[in-house]
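# Based on what follows, work out the 3D shape:
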Amino acid sequence: MIRCFLIVLTVVVTTLAGCRIVQEVPEGGRIVSSSGNNDCAEGSCTIDLESGPSWSETFTGEPDDGFVFVEWKKAQGYLCGGSSEPCALQVPAEQDLLDVTVYLEPVFSQLNAERSSLPADPSPEDLSFATQWVPSRVSSCIVGDNESPVLAKTTAALAEADLDRTVYEPAVVFTDEAFTVMLKQSRFSGTSVTQREAFPDYQPFRAVDGASSLSFFDDGTHGDLAAGDGVYTRSCVGVTSAEAAGAQPTSGAFDLFMLNPSLRGSETTSRLAKNVRMNSVGIFVSIGDDYSTAMGLGRHWEVFNPGSCKACHYAWHFFGDVFDFFVVSVRQAWAGAGYTRVHDFIAGTGHNPPFANYSYWDRPMDDGREHPEYIGMIYDGYPGNTGGITHEMGHGLLGINTADFPFADAGQWNDGDGAHIDSDTTLTGDLQGPLWDPERGFPIPVKYDDGSEYPWQMPDAYLEVNTSGQVVLAPKLEDSFLWSDIFLYMMGLIDAEESTERYFKLVNPQLSGCEATDDYLICPEQIVAAEETFEFAVSDMVERYGPWQSFNAAFDPTNIALGMLFVSDREHTEAEITLHTMVNRELLATGRPDLQEQKI
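As a prediction, this is how the structure comes out:
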């Protein structure tokens with residue numbers, strides 16, 4: 001019997017039988033081989049394998065202009081099925097071969113939208129742009145070896161910054177990987193500080209290069225790049241065994257995010273350009289020194305400024321004008337989440353953009369184009385949590401920047417900051433904060449006394465209307481975050497006639513029978529009175545602003561195209577790709593990033 005074995009070198013080495021590899025290439029691209037001897041254009045090509053010398057080849061799906069490579073076809077008898085990485089194959093020498101046929105087929109998808117130009121590469125002095133780097137393992141880390149390509153730039157920016165910060169490079173690790181810690185603290189002096197001095201309440205890190213204890217240095221040793229610059233540094237740091245044992249995808253220690261090493265190989269990407277990769281969640285973009293300088297100085301605005309968003313430019317080049325919103329997600333924890341308005345083409349909710357084309361910008365984007373379908377930019381500054389994205393999407397779809405609605409001055413529903421719903425209303429949704437103590441105000445929340453032993457175990461309190469039409473104090477539970485009808489109307493999801501809800505805005509609500517602690521006001525269930533009460537409904541919004549309508553005929557509020565842009569100075573590490581992908585997958589529907597649909 002003749003036997004034929006193919007070793008498929010993907011993430012996990014497996015063995016498949018095959019004497020012939022049939023390449024099937026659909027419209028949209030070609031298969032390119034690493035040797036150049038087994039390329040295949042549209043149609044079918046056969047590679048016959050014979051026993052003898054070892055044979056190896058790596059195949060890449062190369063899309064035509066206007067198409068994108070998605071993955072290798074996944075079906076019985078197809079090689080590398082479901083992977084978006086290059087397909088590496090090998091046949092050992094003098095191997096008996098079995099007379100069978102296996103297949104290799106790329107899946108291409110056509111991009112129909114008009115696309116932007118490709119952004120220009122940075123200057124040759126930008127040494128981190130598109131640079132690949134793999135962190136050292138804790139078992140083999142040597143100070144001074146295998147330094148991150150962004151370490152010098154980040155250290156220099158951190159030294160210049162007028163703020164206290166702790167920076168990790170990388171900030172997302174498999175727990176068997178080493179990392180560098182950089183501390184900028186005005187309270188530090190001298191040439192070194194111990195871990196206990198730096199982190200007095202919690203010491204989750206250890207030195208992995210043989211040192212008996214962990215300290216951080218500003219003397220040019222132990223990985224510190226510049227003595228006396230105020231940045232205390234230590235390379236070859238790892239997490240303790242206890243931290244490693246409890247690692248979960250969103251767990252962390254002082255904003256270092258940890259992943260179990262068993263997750264290696266669980267997420268893959270395909271390459272769109274030398275500095276851009278993608279998977280089913282989004283695109284991973286290296287923008288070079290622009291990132292490390294801005295983030296080191298604490299100027300995260302420069303990374304997600306809509307007018308100069310280089311990551312957006314790449315997305316528009318590869319996928320066209322298909323995005324309603326972008327999310328720019330950084331690879332390290334910095335500054336929470338935020339939203340920037342770009343266009344508001346909805347009438348009937350109080351929006352008043354100051355410039356033409358319903359725009360908040362009087363200039364085109366970084367690629368020189370207007371992109372009028374682009375509603376806004378979400379900044380995600382915490383890689384392990386998508387809750388901020390949901391909140392900022394609410395800002396984008398609703399605005400809540402209406403002035404003097406439903407009434408003027410204290411009768412406004414957003415009297416607090418002009419952007420969020422006041423807690424002294426009976427509205428519900430993700431843009432409403434806790435009910436604050438009427439006497440002491442922020443940050444003392446009102447807790448609903450449900451009999452729990454400790455105040456922090458009690459739910460936050462909010463105001464609701466009971467079946468008798470009275471405003472009562474109620475526990476803020478999961479259902480309390482569901483959007484009120486008036487917000488669904490503002491999103492374009494229901495007509496005004498479908499809403500029958502009435503809402504109340506209370507001025508100086510009065511609570512009784514409460515117990516005040518240093519941190520909370522604990523109150524029982526009760527009817528809530530107020531100095532003044534305003535009542536309103538969806539009909540009041542229609543009367544004030546006219547009926548809801550969109551000036552963008554293509555806008556579908558039930559299907560929001562959300563472009564996830566994961567940005568870095570160097571190429572993302574595998575741990576960074578894994579964390580971003582895992583925590584964002586539930587937020588997004590399955591598919592390519594230019595077609596992601598988030599049902600609101």
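
# what about Gly492, neighbour count?
Each residue near Gly492 was counted by other C-beta atoms under 10 Å, and the total is 19. Where you see a C-beta, it was placed from the backbone N, CA and C, and this is true even at glycine.

# what's the spacing between it and Met393?
The gap separating Gly492 from Met393 is 14 Å, by C-beta to C-beta, to the nearest Å.

# Phe174 now?
In this view, Phe174 and Met393 are 31 Å apart by C-beta to C-beta.

# Helices of this protein, start to end?
Using DSSP state H, the helices found in the chain span residues 151-160, 195-198, 241-245, 289-297, 301-304, 310-319, 387-398, 485-490, 538-545, 574-585.

# Report the buried residues of the fifth one.
Okay, so that is helix 301-304. Across helix 301-304, burial judged by 16 or more other C-beta atoms under 10 Å covers Val303, Phe304.

# same deal with the third one?
With burial defined by 16+ other C-beta under 10 Å, the residues of helix 241-245 counted as buried are Glu243, Ala244.

# what is the mean pLDDT for that helix?
Summarised as a single mean, pLDDT over helix 241-245 is 89.

# list the helices and strands it packs on?
Judged by 3 or more C-beta pairs under 8 Å, 6 or more residues apart in numbering; DSSP states H and E, helix 241-245 has no packing partners among the helices and strands.

# Likewise for the first one?
Applying 3+ C-beta pairs under 8 Å, 6+ apart, one finds that helix 151-160 makes contact with strand 165-169, strand 179-184, helix 289-297.

# and the helices of the chain as CSV, adding distance to Phe179?
Below are the helices of the chain laid out as CSV (distance: least, C-beta to C-beta, whole Å):
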stretch, distance to Phe179
helix 151-160, 11
helix 195-198, 14
helix 241-245, 12
helix 289-297, 16
helix 301-304, 21
helix 310-319, 24
helix 387-398, 24
helix 485-490, 42
helix 538-545, 51
helix 574-585, 10
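
# do you know which of those helices lies nearest Pro106?
helix 310-319 (16.7 Å; C-beta to C-beta).

# would a markdown table of the helices and strands packed on helix 151-160 with mean neighbour count be doable?
Listed next are the helices and strands packed on helix 151-160 as a markdown table, based on neighbours: other C-beta atoms under 10 Å:
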| stretch | mean neighbour count |
| --- | --- |
| strand 165-169 | 21 |
| strand 179-184 | 24 |
| helix 289-297 | 23 |
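
# Looking at these, which is nearest to Thr240?
Comparing the helices and strands packed on helix 151-160 under C-beta to C-beta, the one sitting nearest is strand 179-184, at 13.3 Å.

# Need the overlap of contacts for Gly492 and Met393.
Counting by C-beta atoms under 8 Å, 6 or more residues apart in numbering, no residue touches both Gly492 and Met393.

# where does this protein have its least confident helix or strand?
Lowest by mean pLDDT, DSSP states H and E among the helices and strands of the chain is strand 597-598, with a mean of 32.

# Mind listing the residues bridging to the nearest residue to Asn37 once chain neighbours are set aside?
Nearest residue to Asn37, sequence neighbours excluded (C-beta to C-beta, 6 or more residues apart in numbering): Glu57, at 8.0 Å. In this entry, Glu57 is beta-bridged to Leu89, by DSSP bridges.

# pretty sure Glu57 contacts Pro86?
No: taking contacts as C-beta atoms under 8 Å, Glu57 lies outside contact range of Pro86: 10.2 Å.

# show me what contacts Pro438?
Asn508, Pro509, Gln510, Leu511.

# Please indicate which of those residues has the highest neighbour count?
For the contacts of Pro438, neighbours tallied by other C-beta under 10 Å; top is Pro509, 20 neighbours.

# What score does that residue have for pLDDT?
According to the prediction, Pro509 has pLDDT 93.

# cool, and Gly416?
We note a pLDDT of 76 for Gly416 in this prediction.

# excluding its backbone neighbours, what's nearest it?
Excluding the flanking residues, the one nearest Gly416 by C-beta to C-beta, 6+ apart is Asp422, at 5.2 Å.
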